[in-house]
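Peer 1: My questions are about this predicted structure, shown below with the sequence.
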Amino acid sequence: MNNLGERLFKLRRDKKLSQEEAAEKLNVTRQTISKWETDQSMPDFDKVIPLCELYGITPNELFIELKEETNQNNEIILDSEKDQIRINKKAKGIAISVILYILAVVWIMISIPVLNMNPIVASAIFLLICGIATGLIIYVCIVYKKIKTKEETKQDSLKKQISNVVVIIVTIIYLIISFKTMAWHLTWIIWIIYGLFEEILNLIFMLWSIKDEK
């Protein structure tokens, strides 16, 4: 309830009075009662006391409670808007991190065999890109952190279970490929791909939470 008309309507209904009955007791027309309850007009000053006496409240209870309800509604709306902005910024940050991880993988795949770049320099640039992406994820997760609801806690639990299963699978694949090929200097890229998958998974859950809040 966020306006005087709705409050007057509720008070009259609680007293089980019709508009005609309320109008008769207040010496006004039924149309006047209707206009008050639909916010087409405000009660005149000389009608406030009789109105409050009819509904069994004080003027302070009528107007102060109305103000408190309005403030509470405004705070809820404001919090909702802040949450939406926070979620959007966090989603953008994670999306940028995913793109950076992809660029890092592409860079390491073409810098040495295609561009004939020094492996040390190429690896340094690769690690720099990954470091920026990781730092961005940590930043947005800390700055835009929110107290989690039960639903969000369930989502985090599901995401953790999925991550644990994927870690086991990736570890098995990594060891099998590495021992069979003995190309340990190349198979570590599997973990970069795993990191990329983790960020994509985070982004999916982030978009999921945005959809739920809308």
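Peer 2: Yep, it's here.

Peer 1: and residue 124, how many residues sit next to it?
Peer 2: The local packing of residue 124 (other CB atoms under 10 Å) involves 11 other residues. Backbone N, C-alpha and C define where each C-beta goes, glycine included.

Peer 1: and what of the one 3 residues further on?
Peer 2: Number of residues near residue 127 (other CB under 10 Å) recorded here: 12.

Peer 1: From residue 110, how far off is it?
Peer 2: As judged by CB to CB, to the nearest Å, residue 127 and residue 110 stand 16 Å apart.

Peer 1: Please give the element, helix or strand, for the closest residue to residue 104 other than its chain neighbours.
Peer 2: Nearest non-adjacent residue to residue 104, counting by CB to CB, 6 or more residues apart in numbering: residue 129, 4.1 Å away. Counting by DSSP states H and E, the element that carries residue 129 is helix 119-143.

Peer 1: pLDDT on that helix, on average?
Peer 2: Here helix 119-143 scores 83 as its mean pLDDT.

Peer 1: From the chain's centroid, how far away is that helix?
Peer 2: Centroid displacement of helix 119-143 relative to its chain, using CA atoms, centre = their mean, to the nearest Å, is 26 Å.

Peer 1: Begin at 298, not 1, for the rest of this chat.
Peer 2: Understood, numbering begins at 298; the last thing we discussed is helix 416-440.

Peer 1: Summarise which helices and strands that helix is packed against.
Peer 2: helix 356-408, helix 486-510 (3 or more CB pairs under 8 Å, 6 or more residues apart in numbering; DSSP states H and E).

Peer 1: and this structure, what are its domains?
Peer 2: 301-354, 369-510 (automatic domain parsing).

Peer 1: looking at those, which has the lowest confidence?
Peer 2: Minimum mean pLDDT among the domains of the chain: domain 369-510, a mean of 76.

Peer 1: Need phi/psi at the residue sitting furthest away from the middle of the chain.
Peer 2: The outermost residue of the chain, judged against the average C-alpha position, is residue 324 (51.1 Å), by CA atoms, centre = their mean. Main-chain dihedrals, residue 324, degrees, to the nearest 10: phi 60, psi 40.
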